[in-house]
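K.L.:
Predicted model and sequence below, questions to follow.
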Amino acid sequence: MISVASSDVQQVLINLINNSLDAMEHVGGAIEMRTSTRTRYAVVEVRDTGPGILQENLGRVFEPFFSTKPEGKGTGLGLSICYAMMKKMKGDITVTSQEGKGTTFHLFFPFQEMAHPA
């Protein structure tokens, strides 16, 4: 079981989907979401088939005000907000990307231990 505010999850997912749509605006592509479980986490993957993120930018995507979008197109806060919200939920967010093939964001939501009746 995970215990998170649905509005927080919704905001993170909307930010990721909007970023994917922006990245694919001129080239087209697809967005796919998958869920799975790992030992201690429920995992949601948001994957797009857009142009990908340059390797030299991957380590900076969660920094506040970092953006590769044209002037006036974004504030550079969307992914840093996603990062902060996932940490607030005691989870994590990571990214993998391949130029020309797309980007995948991985959201890790920790399982909560169930209380056992006495």
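P.N.:
Cool, got the structure.
K.L.:
what's residue 17 in contact with, if anything?
P.N.:
31, 46 (CB atoms under 8 Å, 6 or more residues apart in numbering). Glycine gets a C-beta too; all of them are placed from N, C-alpha and C.
K.L.:
mind redoing it with 10 Å?
P.N.:
Going by CB atoms under 10 Å, 6 or more residues apart in numbering, residue 17 touches 31, 33, 46, 48, 105.
K.L.:
With residue 9 as the reference, measure out to residue 67.
P.N.:
Per CB to CB, to the nearest Å, residue 67 is found 23 Å from residue 9.
K.L.:
before we move on, back to that, return the subset of the contacts of residue 17 lying in strands.
P.N.:
Assigned to strands by DSSP state E, the following of the contacts of residue 17 qualify: 31, 33, 46, 48, 105.
K.L.:
Residue 9 and residue 86 touch, don't they?
P.N.:
Yes - with contacts counted by CB atoms under 10 Å, residue 9 reaches residue 86, the gap being 9.5 Å.
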